[in-house]
Structures are given as C-alpha cells and as structure tokens.
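In: turn this into a model:
(one chain, ligands or ions: 1)
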Amino acid sequence: MNAGLLGVGKYVPSHILTNQDLENRMDTSDEWIRTMTGIEERRIADEETDTSHMAHDAAVEAIKDAGIKPEEIGLIIVATVTPDRPFPSVSSMLQYQLGAVNAAAMDVSAACAGFMYGIVTAKQFVESGTYDYVLVVGVEKLSKITDWEDRNTAVLFGDGAGATVVGKVSEGRGILSFELGADGSGGKHLYQDDKLKMNGREVFKFAVRQMGQTALNVIEKAGLAKEDVDYLIPHQANIRIMEASRERLGLPVEKMSKTIHKYGNTSSASIPISLVDDLADGKIKDDDIVVFVGFGGGLVWGGLCMRWGK
Ligand code: UT7
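Out: Predicted coordinates for the structure are as follows:
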C-alpha cells in the first residue's frame, strides 16, 4: 500500500504585480524579466494577509476536496520559510483555526524544496499506519523578506499557498519513489539575513544540475524509464531551469507544468499551486506517471515519482 494525494487546494492573493509595475519602481524591464525568468506577473499579499491566512484557505479547499473532516487529520505539516513569527508554528495556528483537534503540528524549513520534504514525511506516517490523513501545506509570504531595492531578486518572487491531504490510495497508485538531499556547503548562495540574499548564477548552475538528476533518480527508483513519464511538475523558479529538466527527461513542452508566468517563484507553494491548476486544466489523469522535483536554499532538493489517482 502506498500513500498518495487525496485532495488539493490553493490560495493566491488577488493583487497582481506585473512586470510593468516593476519597471515603474526599479531599473528593470518586462523584456529582461520575461526572457531571463519566464515571469510575467506575480501575486502579492496585503498587510493583513499573513502566511497562516493563506495556508488556512488552501487547507480548507484541500480538506473539502479529499472529502474528510478536520478532526480526522493526524498530523499537519507546513513547509514555509516565511512563518507569521518564529513561533508558534504556522501548523499549530492552522490546527486551531481548522478545528483539527486530533492533529499534531510541525513546520518544516526546506525553502523551495519544503513541499517535497513535507510530502515525503507525510508518506512515512501514512505507510507506517500511524496516521490515516496528513495535511501538507506549502506556503510563503516572500514579499515580506524581499529586498525591493535589489532588482536581482525583487522581480522573482510571489506569495501564495498550496495544500494537499496525504492518505492511503488503491494498490499500484500513489508515491512510488522519492529522493531528498542536502548540500549545506552551498548555503551561502541563498539565505535570509533580514532580507533575502541570493547569488543567482550559483543557484542557477546547481538547480540545472540537481533538478534533472533527481528527476532521473526517482524514475529509476520507481523501476520506470523516462519514456514512462506522463507529466513533470518542477519547482517554478526560472523557465530556463525548468526547460533544462524537461529536456533531460526528453519530454515535450505540453508535458511540463508551467505556472511561473502567472505567479513567479512562490518557493514551497509553487509545486502544489501548479498541481491545483494542472488538475483543473485536465492535464493530469488517473494512472498517469507524474514526477515532482524541487530545489532551494540550504541548498536542498527533493523529488518523487507517483502514479496519480486515489
Ligand atoms: O527557488 C530558488 C531561488 N532562486 C532561483 O531559482 C534563481 C536561480 N537563478 C536565476 O534564475 C538567474 O540567475 C537570474 C534570473 C536571477 C539571473 O540570471 P543570470 O543569467 O544569472 O544573470 P546575471 O545575474 O548574471 O545578470 C545578467 C545581467 C547583469 O547585468 P550586466 O552585469 O551583464 O550588465 C545584471 O545586472 O542582468 C542584469 N540584471 C537585470 N537587468 C534587468 C539582473 N537583474 C536584472 C533585472 N532587470 N531585474
């Protein structure tokens, strides 16, 4: 028996910040941002909307989609590097707000790979029989740690949340394999020191190398070949990094998720937000082989291969 995804949900703020808006605020251009990153616009949360609010709205949708009650959840995992405050954890706030009275709660800090770390952790608890349902949320309010004076990073990020309920699925479906990894020697290339700081070039090189390799590793661990893959959902950090992973798997353009143009890089929320949009657009069908892969500050990475469906 494998663990799989029983329901999904997302929340993105209504306020849209376009590349043109950024042109008016700093020395950049729509042309540069589109060509170098693939981003056209991103969502920015207002003052009153903090990380826990976005997490809550995405979670409510995922719980409804899974057809379960909050009191059936055994564990809540929130992947975020932008919690409302260092503690209490966003997951504890969520536990109370949702009325998930039987749930334990913990936050996971693995930057843009946080959702992958969360799902793989949830899988262990479900497959060991410890919990029937684990709620996993990837959520970021990156706008509050963005240095709006630094054009190298300010144009890249957006706010949002994506959630899923992990539970048992039918034989043959669910998470077939995974890989998590870390290389702390690269921590200096992407970190928060009051505001977010990044050596874009170094992160880019690491991401191109690691994303493709992790995708290939999880396919092999699942006993499958590249040709078996129906759909790839890469972390939405930069269209050029995503394209490199797609090409390494030999997949056509339509078999890779692309939401970066609408939301920018939402870190741990990017994979679940993309999943919600792709399901709504009918891009993933039951029994499709889907590969997820993410990387981020740490440096860390994570991927998994699953056969879609309950
Ligand atoms: O989720 C993980 C988080 N991070 C990432 O995934 C980021 C990975 N890195 C990247 O996506 C890319 O490194 C960037 C898109 C951030 C930058 O692309 P690059 O090919 O590494 O460019 P660069 O930083 O070497 O900059 C090239 C030029 C520079 O000008 P000069 O020195 O050649 O005259 C920059 O000053 O582009 C300039 N530049 C900009 N120009 C207009 C940098 N940012 C901007 C900007 N608008 N916003």
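In: who are the neighbours in contact with T130?
Out: Listed by Cβ atoms under 8 Å, 6 or more residues apart in numbering, the contact partners of T130 are G74. (Glycine included, C-beta is placed from N, CA and C.)
In: where's it, which helix or strand?
Out: Remark: T130 resides in no helix or strand, with elements defined by DSSP states H and E.
In: for the closest residue to E127 other than its chain neighbours, name its beta-bridge partners.
Out: In space, E127 comes closest to A3 once its chain neighbours are excluded; the distance is 5.3 Å by Cβ to Cβ, 6 or more residues apart in numbering. For A3, the beta-bridge partners under DSSP bridges are K168.
In: my guess is A3 meets K123, correct?
Out: Yes: under the criterion of Cβ atoms under 8 Å, A3 makes contact with K123 at 4.3 Å.
In: next, the buried residues of stretch 109-125.
Out: 110-123, 125 (16 or more other Cβ atoms under 10 Å).
In: which one of these is nearest to the ligand?
Out: C112 (3.8 Å; Cβ to the nearest ligand atom).
In: I figured the closest one hits N238, correct?
Out: No: using Cβ under 8 Å, C112 makes no contact with N238, being 11.1 Å away.
In: residue contacts, whatever residue of the stretch 1-150 of the chain ends up closest to the ligand?
Out: In the stretch 1-150 of the chain, no residue comes nearer to the ligand than T28, which is 3.3 Å away by Cβ to the nearest ligand atom. Neighbouring residues of T28 by Cβ under 8 Å, 6+ apart: 19, 22, 151, 155.
In: please compute how far the strand or helix carrying L22 lies from its chain's middle.
Out: Using DSSP H and E, L22 falls within helix 19-25. The chain centre lies 26 Å from the centre of helix 19-25; the measure is Cα atoms, centre = their mean, to the nearest Å.
In: who's in contact with it?
Out: By Cβ under 8 Å, 6+ apart, helix 19-25 touches 28-30, 33-34, 39-41, 148, 154-155.
In: recalculate using a threshold of 10 Å.
Out: Contacting residues not belonging to helix 19-25 are listed as 17-18, 28-34, 37, 39-42, 44, 148-149, 151, 154-155, 264 [Cβ atoms under 10 Å, 6 or more residues apart in numbering].
In: buried residues in the helix or strand that it is followed by, which are they?
Out: Sequence-wise, the next helix or strand downstream of helix 19-25 (DSSP H and E) is helix 30-37. Under the neighbour-count criterion of 16+ other Cβ under 10 Å, helix 30-37 has 30, 33, 37 buried.
In: near the ligand at all, the helix or strand just after helix 30-37?
Out: Next along the chain after helix 30-37, taking DSSP H and E as the criterion, comes strand 41-43. No: Strand 41-43 does not reach the ligand (Cβ under 6 Å from any ligand atom); its nearest approach is 12.9 Å.
In: many thanks, we can stop here.
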